[in-house]
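Student: take a look and give me a structure for this.
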Amino acid sequence: MNIFIGGSKESLSLATEIAITIEEHGHIPRLWNEYGLFSAGSYTLESLESICNDVDAAIFVFSEDDKTLYREALTQSVRDNTLIEYGLFIGRLSRERVVFCRKGVAKIATDLLGVTHIDYDMPIRANAEIKKWLDLLSNKKEFEGTKGDEKIFYHHYGDGKEGKYMMVESNHAVVEANNFYQLSQEYYHYGEYKKALRLIDKALLADPDNYIYHNHKGIILDYIVFTYKIGDLTQSNNSYTKALTLKPDFAFGYRNRALNNMRLKKYNESIEDYSRAIDINPNCPKYYRERAYVYTALKDFKKAHDDTGKALAVDEEG
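Tutor: Below is the predicted model:
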């Protein structure tokens, strides 16, 4: 799914973290500052209406952007434009497909106080809630039907509202694999990495060509090495490589393999993977910062300095 991420310039760093979470779970983040999203010479509201037609859902970041005078007291509040855009997207996509993340104690419209939101003052829980929201939306696009005694699995092909539902062969295996993957995610979030590994292996037996599952297995194997001192990072790299073979434009997969290559002191391979990730997603400051660490290890301080500057520029862009 394509997920738009809206907010202010001041909240761009948090919006980028959310984009990484979305990408990690196999969806496409569309940050508000993405190059080409707002065309030169176009009216902003018209561009936003066009974006509504091209995405499946949206997340808005409500943060302490502005100081405003409210009832004779100075208070922190959400940027007005962010609230307007949030309302526009709800009107176009429906309330269940548009959520907001709140960080700090920024004042929001009283009508929104009763709306359940994602609290980013607790980031681990917030990331889990974003995942559950994405899963809920995915389940509305991927569902089971029946035809006699045979199970039929449907999948939504295409982006935005132009996508079509089509029947997929070998339906039961896909549904079963997804169930194992969801359970694996739960155990992973609770630190039960060995159980998570067993379940993701079952998912891959049922659906061996799913790049998200291979990437998730790589992440679990990393944590098993760090937590239990079992195995080595080449095993997780094999999983990341398989994921990238299946989906060559998977930026988060390149980043994961790059990070492991850095730990293995394979610095040139790490630089190559970070560069691929940046080519695919140039709006993620984390990729530049981590590549800067690698350049520092290579004692190429000029390139490390340049990457640090690029990371800051992306953070401040807009």
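Student: C-alpha from now on. contacts and neighbour counts both.
Tutor: Will do.
Student: quick one: residues in contact with stretch 276-286.
Tutor: Residues outside stretch 276-286 that contact it (C-alpha atoms under 8 Å, 6 or more residues apart in numbering): 16, 20, 34, 249-255, 287-288, 310-312, 314-315.
Student: got the CA positions of it in CSV?
Tutor: Provided in CSV are the C-alpha atoms of stretch 276-286 (Å, rounded to 0.1, in the frame of the first residue of the first chain):
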residue,chain,number,x,y,z
ARG,A,276,21.6,1.7,-3.2
ALA,A,277,19.2,2.4,-0.3
ILE,A,278,19.8,6.1,-0.7
ASP,A,279,19.2,5.9,-4.5
ILE,A,280,15.8,4.3,-3.8
ASN,A,281,14.9,6.5,-0.9
PRO,A,282,16.9,9.7,-0.7
ASN,A,283,14.7,11.2,2.0
CYS,A,284,15.9,9.0,4.9
PRO,A,285,18.5,10.8,7.0
LYS,A,286,19.3,7.6,8.8
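Student: which parts of that stretch are buried?
Tutor: By neighbour count on 16 or more other C-alpha atoms under 10 Å, the buried set for stretch 276-286 is 276, 277, 278, 280, 281, 282, 283, 284, 285, 286.
Student: mind exporting stretch 212-224 as CSV, just the C-alpha atoms?
Tutor: Provided in CSV are the C-alpha atoms of stretch 212-224 (Å, rounded to 0.1, in the frame of the first residue of the first chain):
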residue,chain,number,x,y,z
ILE,A,212,9.1,-9.4,3.5
TYR,A,213,9.4,-12.7,5.2
HIS,A,214,13.0,-13.1,4.2
ASN,A,215,13.8,-9.6,5.5
HIS,A,216,12.0,-10.3,8.7
LYS,A,217,14.0,-13.6,9.2
GLY,A,218,17.2,-11.6,8.7
ILE,A,219,16.3,-9.2,11.4
ILE,A,220,15.4,-12.1,13.8
LEU,A,221,18.7,-13.8,13.1
ASP,A,222,20.6,-10.6,13.9
TYR,A,223,18.9,-10.4,17.3
ILE,A,224,19.6,-14.1,18.0
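Student: ok so, going back, between the buried residues of stretch 276-286, which sits nearest residue 56?
Tutor: For the buried residues of stretch 276-286, the minimum distance to residue 56 (C-alpha to C-alpha) is 19.4 Å, reached by residue 281.
Student: would you mind measuring from the closest one to residue 20?
Tutor: 10 Å (C-alpha to C-alpha, to the nearest Å).
Student: same check on residue 85?
Tutor: In terms of C-alpha to C-alpha, residue 85 sits 22 Å off from residue 20.
Student: just the buried residues of stretch 276-286: which are in strands?
Tutor: If you go by DSSP state E, the buried residues of stretch 276-286 have nothing in strands.
Student: ok, back up a step: which of the contacts of stretch 276-286 count as buried?
Tutor: 16, 20, 250-255, 287-288, 310-312, 314-315.
Student: just the residues you listed now: which is nearest residue 101?
Tutor: Of all the buried ones among the contacts of stretch 276-286, the one with the least separation from residue 101 (C-alpha to C-alpha) is residue 16, at 12.6 Å.
Student: pretty sure that closest one sits against residue 31.
Tutor: Yes - between residue 16 and residue 31 there is a contact under C-alpha atoms under 8 Å: 7.5 Å.
Student: which stretches of the stretch 101-250 of the chain form helices?
Tutor: Secondary structure of the stretch 101-250 of the chain (DSSP state H, counting those that start in this stretch): helices located at 123-141, 171-189, 193-206, 211-228, 233-246.
Student: buried ones in the first one, by neighbour count?
Tutor: Neighbour-count burial for helix 123-141 flags 126, 127, 128, 130, 131, 133, 134, 137, 138, 141 (criterion: 16+ other C-alpha under 10 Å).
Student: done for today, thanks.
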